[in-house]
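Student: whatever this is, show me its structure:
(2 chains)
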Amino acid sequence: MNKPILIVGGGPAGLAAAHALARVGQNSVLVEKQDRLGGAPILSGYAKLVPSGEWARDAIGGMVDRVRNDPLVDVQTGAQVESFAGQPGAFSARLSNGTSVDAAAAILCTGFTHFDSVNKPEWGFGTFPDVVTTTQVEQMISSGKGVRCPSDGRKPKRVAILLCVGSRDRQIGREWCSKICCTVSANMAMEIREELPDCHVYIYYMDIRTYGLYETKYYWRSQEEFKVKYIKARIAEVTSNGEQLVVKGEDTLVKRPITIPFDMVVHAIGMDPNVDNKSIASTFGIDLERHGYVARGNAYGNTAEASRAGVFVAGAACGPETIDDSIAQGHAAALAALGLLQPARARA
Amino acid sequence: MPIHEQSLIRPENLTTHDQLVVDGVDVSGHWSTFIQTRVVSDYNEAMQDEIAALPGGENVHRCWQCGSCTNSCTVNAINPEFNPRHWIYLVRIGMESEILRDKDIIWQCVSCNKCTYACPRDVVPEGVMKALSHWLELKGHVKPSPSMVFDEVFSEQVFQHGKIEEGRVMQRFFKRTGQSLNQPWLIEMIKRMLRHLPVGMLTKLGLATLVAPRTSGWSGARAAIEEYVHEQEHKRRRALGLDALIEAAKRDAGPATAGEGARS
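Tutor: Numbering: from 1, shown residues only, chains lettered A, B, ... in the order given. From the prediction side, this is the model:
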């Protein structure tokens, strides 16, 4: 049998890479730090995914089962790569659970870390229980309990979703756009309106980036069918009047300050580089780009390759990414790794 | 020192006391000038639905504030204060007090429909302007304009009799708008009509004034029209919560709170 390919990270990109390799008869070792596979959509309990509308546990859960049941994929959960050395075609890695792996190549699918809203204290997360994150609302929906104010379990009558929390914010060293929060928030606003038709949902934005085909399905539909209201304002502060949360800011289209009461405030949190990226970079001997994500070696010549030959990268490890694109990149990385292994056969 | 953003200070938000002494210091006149807060402290969440319930306003929720309507607007070219984009936003978000500031210029829309063709989202801004004007009137924020009173008098007669009688339309219009019939131009007009109109026509006019003409067999049509008008009116009143408003006003005016306006 061939030397396996080492895949690090069991989220959508890693699952896609492992499955793609198995489809062409290539074995792999899939290493996942957590005790189960699935990555952010499963570990963080996402509800319905954008743009398919399928439940995360069905869609990503299906990918997990497929890999779990595949004899060509050796799944190592609860393990991390501790050392990695060698050449393309002949790497050797040691895992934290004591396993040694002789791998032909490595694919890093190490993903991202959700922004921690505590780093924007002026927006009330951690101070007021009814200030929550998109991840928490996803969990309220996926658990079937519905969207409720954490303080007393009441159904909110008015919800504010603040966009760009931990994104596009030089103040806290996060200049990037996390790409998907606008779309996720528009989708979440519709889900809230669907569950609680008497609840008004306001989205406070700087720009709306429901790019490509998301425009119709999320930005337009949320307004035309669900009457979600979009207000151009970067919120200054979230406080409380003792009964309700109070959102302060400036409505920039009217040029007037606003202090509006809300029952619930949702932070549309962005994607940070994986908190482990520095140790991942030093273990694998690769570079990070200036924001702290894994740097790609070459944009066009050999897509998916990191700065070290034989080490490939896919998904949100190299920047904020959607689930669909992470899956596509997982496939691309698998193909790039195979091309490295079997150049002779390709030319024969 | 220059005042930053001076354009944002509105005359109605400036207060000055002619006579004011604070802690023994005379601060009368401009020494006591204060700028009242501009903060918007709540949204009227019913506003968008109310406008959407009136003919023309159905698509107001689609607007994404590109400004095509204002850029193509005939009136805006003459009066920069006339800004449909802005009002549509205020309706959507429910900033009622902000809209009421412009209640006297919203009517300037000439219905040229350039905005309708420019709008990329089919908001039909011209329809929204119509609905908004209508809303202002229904809510009692503006007095009915003379032309609106004329329309009322005219259609009332048509509904009643199937046709109008000019003399009566004029009479009622003058009465409802509080204008005297004893006006030099009107007297002069009648004098000249008597002098120059053919006798046959004068006789017909005179007869019509005495005996209000009716369309024969009108009662069926009249009942149908009245039913429809009533239905539409009822729909609008319900959409705008007018009956509740009237009830509330009656309660406020009750013996307990009589006199001072209890509303803050």
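
Student: what about the helices in the stretch 151-264 of chain B?
Tutor: B:166-176, B:184-196, B:199-210, B:219-239, B:242-252 (DSSP state H, counting those that start in this stretch).

Student: mind giving me the packing neighbours of the longest one?
Tutor: Spelled out, it's helix B:219-239. helix B:146-161 (3 or more C-beta pairs under 8 Å, 6 or more residues apart in numbering or on different chains; DSSP states H and E). All C-beta atoms are positioned from the backbone trio N, CA, C, and that covers glycine.

Student: give the helix, strand or coil label for A:Val266.
Tutor: Going by DSSP: H, G, I helix; E, B strand; the rest coil, the secondary structure assigned to A:Val266 is strand.

Student: show me what contacts it?
Tutor: Taking C-beta atoms under 8 Å, 6 or more residues apart in numbering or on different chains, we find A:Val266 in contact with A:132-134, A:137, A:159-162, A:185, A:188.

Student: can you pull up the bridge partners for it?
Tutor: For A:Val266, the beta-bridge partners are A:Val132, A:Ile161 (DSSP bridges).

Student: tally up the residues packed near B:Val128, please.
Tutor: Residues within reach of B:Val128, counting by other C-beta atoms under 10 Å in any protein chain shown, total 30.

Student: confidence score at it?
Tutor: Confidence at B:Val128, expressed as pLDDT, is 97.

Student: doesn't B:Val60 make contact with it?
Tutor: Yes. B:Val128 lies in contact with B:Val60 (C-beta atoms under 8 Å); the separation is 5.1 Å.

Student: got any residues that touch both of these two?
Tutor: B:51, B:88, B:91.

Student: can you pull out the strands in the stretch 51-200 of chain A?
Tutor: A:73-77, A:81-87, A:90-95, A:100-103, A:105-108, A:112-114, A:131-133, A:158-165, A:200-205 (DSSP state E, counting those that start in this stretch).

Student: need these in JSON lines with mean pLDDT and distance to B:Phe159, can you?
Tutor: Shown next, in JSON lines, are the strands of the stretch 51-200 of chain A (pLDDT from 0 to 100; distance: least, C-beta to C-beta, whole Å):
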{"stretch": "strand A:73-77", "mean pLDDT": "97", "distance to B:Phe159": "79"}
{"stretch": "strand A:81-87", "mean pLDDT": "97", "distance to B:Phe159": "85"}
{"stretch": "strand A:90-95", "mean pLDDT": "96", "distance to B:Phe159": "87"}
{"stretch": "strand A:100-103", "mean pLDDT": "96", "distance to B:Phe159": "88"}
{"stretch": "strand A:105-108", "mean pLDDT": "97", "distance to B:Phe159": "78"}
{"stretch": "strand A:112-114", "mean pLDDT": "98", "distance to B:Phe159": "65"}
{"stretch": "strand A:131-133", "mean pLDDT": "98", "distance to B:Phe159": "57"}
{"stretch": "strand A:158-165", "mean pLDDT": "98", "distance to B:Phe159": "44"}
{"stretch": "strand A:200-205", "mean pLDDT": "97", "distance to B:Phe159": "40"}
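
Student: quickly compare the ones you listed and say which is most buried.
Tutor: Ranked by mean neighbour count under mean count of other C-beta atoms under 10 Å in any protein chain shown, the strands of the stretch 51-200 of chain A are led by strand A:105-108, which reaches a mean of 30.

Student: packing partners for that one?
Tutor: Counting by 3+ C-beta pairs under 8 Å, 6+ apart, the packing neighbours recorded for strand A:105-108 are strand A:5-8, strand A:90-95, helix A:277-284, strand A:311-313, helix A:323-341.

Student: and the chain, what are its domain boundaries?
Tutor: If you meant another chain, say so; for now it's chain A. Here the domain parsing of chain A from automatic domain parsing is A:5-111+A:274-347, A:117-271.

Student: that was the other one, I meant chain B.
Tutor: Chain B breaks down by automatic domain parsing into domains covering B:6-35, B:47-138, B:146-200.

Student: just name the most buried of those domains.
Tutor: domain B:47-138 (a mean of 19).

Student: would you say A:Arg308 is within a strand?
Tutor: No. Under the criterion used here (three-state DSSP), A:Arg308 is coil, not part of a strand.
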